[in-house]
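Student: give me a model of this one.
(chains A and B)
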2 protein chains.
Amino acid sequence: MILSLLLAAAPLQATPPSPAVTPADPIEADWRTIPDDELLVMTLASGKQVIIRLAPRFAPAHVSNVRTLAHARWWDDASVYRVQENWVAQWGDATEKKPLPAGVTDRPAPEFGIAAFDPAVRMTRADPYSTASGITADGWPIATNGRQAWLTHCYGMVGVARDALPSTGSGAELFTPIGQSARRLDRNYTVVGRIVEGMGYLSGLPRSDAPMGVYATPGERTGIVSVRLASDMPAAERPHFQYRAADNPRFAAAVTRRENPDAPMVSLGGAAVCDVLPAVRRRP
Amino acid sequence: MILSLLLAAAPLQATPPSPAVTPADPIEADWRTIPDDELLVMTLASGKQVIIRLAPRFAPAHVSNVRTLAHARWWDDASVYRVQENWVAQWGDATEKKPLPAGVTDRPAPEFGIAAFDPAVRMTRADPYSTASGITADGWPIATNGRQAWLTHCYGMVGVARDALPSTGSGAELFTPIGQSARRLDRNYTVVGRIVEGMGYLSGLPRSDAPMGVYATPGERTGIVSVRLASDMPAAERPHFQYRAADNPRFAAAVTRRENPDAPMVSLGGAAVCDVLPAVRRRP
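Tutor: Residues are numbered from 1 along each chain as shown, chains lettered A, B, ... in the order given. Okay, here's the model as predicted:
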């Protein structure tokens, strides 16, 4: 009874052989390096690491803040202080009073939107939150309503927590959706990245029943030992990651296959953009 | 920075006061009792309980099996043996070899679909997996392609694991989506219910990196002490639950508000059916 679920789960996330064995499998050239200064390594008290790919192309001011915060070691001894069931895990300074380091702009201009809707692969069907969506050449999920475009709040994307609208946060407090994708936050919160490894160390944390899922006691929090840009780490310790690019017919075929899986699975004719996020792997 | 996320998260799941204070809040009459024989109480080794509302109206043969399995105490000493990140948690007999009790039909006719698309509240926009979707009067998420209708695999719904298509399982092995809603399983798997309390005790379990997320060692599994129909429990121990009915203007207003939240939140004009599942509460 396990096997069939595997078949449904595996395609886009698996690390395939190279060269491509089906038209939907990547070739080596489809794997592109994520620059060291676009990788954030968050080490939890357990020693487990959560790796975040940053999106400076889409949220330059907030990513600049995140880089400065990491460089200043501002998150050392921070914590995951909020885990709300079917909503978000949030981390940073639980007191929300720790001063920001020099070079961090508090409440920069919102970066809820992006410059253009230019996916390399477009989803066949619209979704309830947009008129069109797709994956950019460099692997990011985007959507549009025909007037604006934005990065989508898929499961595992990283958003910037903040006070009242329409202001935006600094990037010191971050969150990730841990249930049904939080698409209703699109255009309301700035997206700065995506968790590309270790998501389970956040999504698997104990939920809090307290208001908003904020742990009622400090003892419930998960400690953060450090958050570092890979480019700030000694060369020998740096992880290296690659994303699967979407600017090629192999990825397009993979999306088509997700939308129309092989029989005897029923072909649904469409899929949500959050269902086709490109695979990311450690550099072989 | 926490407050604004609360505002986005709370509306449909909160237990509101009565009488209604806004047009989107329920009145007492909107809360309807879930019958004792439609409530399944799964007690984990930790003592924590996961409560499942069954859907006999939509999957009568499989729910009949589930009731027989519970009555026969077949799941006592079973386990949650599979937790795959951003996919499913699955439970039952990890060996998949334990004989089924008398009265359980192995592989009954599939119940992937339901008789009619008759939502009490219809979502404004289509989603990539269907041409229309909505919530039935009795609180279930359904969708249609104009020819067939089905219960949707939202986060927290309970599906029947099985072997190869187009067969269906008995109901002895069950799963629930623990990440992005698994809508691509719609019409491929039979849905028998929804987790209405304690979902976090499954979604918060440690992920397995082994193939398909099946724990590599028995020690990783989460033990199941018992699974009982509320109607099989001593009266003094039975939990009592109510769902928020959708056959009223208050629920319709709540859906409209989710699709078009109050300013300064940006109105998106639509929402996914998995984003508006009706609240369920313990009987006051």
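Student: drop to CA atoms for contacts and neighbour counts, all remaining ones
Tutor: OK.
Student: how about stretch A:90-97: buried residues?
Tutor: Of the residues in stretch A:90-97, those buried under the neighbour-count criterion (16 or more other C-alpha atoms under 10 Å in any protein chain shown) are A:Gln90, A:Trp91, A:Gly92, A:Asp93, A:Ala94.
Student: in three-state terms, label the residue nearest to the spatial centre of chain A for me.
Tutor: The geometric centre of chain A, computed from its C-alpha atoms, lies nearest to A:Arg194 (C-alpha atoms, centre = their mean), at 1.7 Å. When states are read from DSSP: H, G, I helix; E, B strand; the rest coil, the local structure at A:Arg194 comes out as strand.
Student: hmm, it is touching A:Thr152, no?
Tutor: No: under the criterion of C-alpha atoms under 8 Å, A:Arg194 lies out of contact with A:Thr152, with a separation of 10.4 Å.
Student: now, among the buried residues of stretch A:90-97, which is nearest to chain B?
Tutor: Minimum distance to chain B across those is 9.1 Å, recorded for A:Gln90 (C-alpha to the nearest C-alpha).
Student: who does the closest one bridge with?
Tutor: A:Arg82, A:Phe175 (DSSP bridges).
Student: residue contacts, it?
Tutor: Applying C-alpha atoms under 8 Å, 6 or more residues apart in numbering or on different chains, one finds that A:Gln90 lies in contact with A:Val80, A:Tyr81, A:Arg82, A:Val83, A:Glu173, A:Leu174, A:Phe175, A:Thr176.
Student: which residue packs closest to A:Ile224, ignoring adjacent ones?
Tutor: Of all residues beyond its chain neighbours, the one nearest A:Ile224 is A:Leu44 (4.4 Å), with distances taken as C-alpha to C-alpha, 6 or more residues apart in numbering or on different chains.
Student: same check, this time on A:Ala246
Tutor: Leaving aside its sequence neighbours, A:Ala246 sits nearest to A:Ala137 (C-alpha to C-alpha, 6+ apart; 4.6 Å).
Student: how close does the one you found get to chain B?
Tutor: As judged by C-alpha to the nearest C-alpha, to the nearest Å, A:Ala137 and chain B stand 21 Å apart.
Student: who's in contact with the nearest residue to A:Leu151 once chain neighbours are set aside?
Tutor: Counting by C-alpha to C-alpha, 6+ apart, A:Leu151 lies nearest to A:Ile142, which is 4.5 Å off, once chain neighbours are set aside. Neighbour list for A:Ile142: A:Phe117, A:Pro119, A:Ser133, A:Gly134, A:Ile135, A:Thr136, A:Ala149, A:Trp150, A:Leu151, A:Thr152, A:Val273 [criterion: C-alpha under 8 Å, 6+ apart].
Student: tell me the one among those residues nearest to chain B.
Tutor: Of all those, the one with the least separation from chain B (C-alpha to the nearest C-alpha) is A:Val273, at 9.0 Å.
Student: what about the closest one, how many neighbours?
Tutor: Counted by other C-alpha atoms under 10 Å in any protein chain shown, the residues lying close to A:Val273 total 26.
Student: what's the closest non-adjacent residue to it?
Tutor: Of all residues not flanking A:Val273 in the chain, A:Gly134 sits nearest, at 5.9 Å (C-alpha to C-alpha, 6+ apart).
Student: how far away from the center of its chain is whichever strand or helix holds that neighbour?
Tutor: When elements are defined using DSSP states H and E, A:Gly134 is found to belong to strand A:132-135. The offset between the C-alpha centroid of strand A:132-135 and the centroid of the whole chain comes to 16 Å, using C-alpha atoms, centre = their mean, to the nearest Å.
Student: which residues touch the closest residue to A:Arg125 other than its chain neighbours?
Tutor: Counting by C-alpha to C-alpha, 6+ apart, A:Arg125 lies nearest to B:Pro128, which is 5.1 Å off, once chain neighbours are set aside. When contacts are counted by C-alpha under 8 Å, 6+ apart, B:Pro128 is found next to A:Thr124, A:Arg125, A:Ala126, A:Asp127, A:Gly269, A:Gly270, A:Ala271, A:Ala272.
Student: OK, contacts around the third one?
Tutor: Going back to what we said before, that points to A:Ala126. Taking C-alpha under 8 Å, 6+ apart as the contact definition, A:Ala126 lies against A:Ala132, A:Ser133, B:Ala126, B:Asp127, B:Pro128.
Student: and stretch A:141-158, how far from the chain's centre?
Tutor: If you compare the mean C-alpha spot of stretch A:141-158 with that of the full chain, they lie 11 Å apart, counting by C-alpha atoms, centre = their mean.
Student: okay, buried residues for it please.
Tutor: Of all the residues in stretch A:141-158, those buried under the rule 16+ other C-alpha under 10 Å are A:141-144, A:149-158.
Student: can you lay out those residues as JSON lines showing secondary structure?
Tutor: Putting the buried residues of stretch A:141-158 into JSON lines (three-state DSSP) gives the following:
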{"residue": "A:Pro141", "secondary structure": "strand"}
{"residue": "A:Ile142", "secondary structure": "strand"}
{"residue": "A:Ala143", "secondary structure": "strand"}
{"residue": "A:Thr144", "secondary structure": "strand"}
{"residue": "A:Ala149", "secondary structure": "strand"}
{"residue": "A:Trp150", "secondary structure": "strand"}
{"residue": "A:Leu151", "secondary structure": "strand"}
{"residue": "A:Thr152", "secondary structure": "coil"}
{"residue": "A:His153", "secondary structure": "coil"}
{"residue": "A:Cys154", "secondary structure": "coil"}
{"residue": "A:Tyr155", "secondary structure": "coil"}
{"residue": "A:Gly156", "secondary structure": "coil"}
{"residue": "A:Met157", "secondary structure": "strand"}
{"residue": "A:Val158", "secondary structure": "strand"}
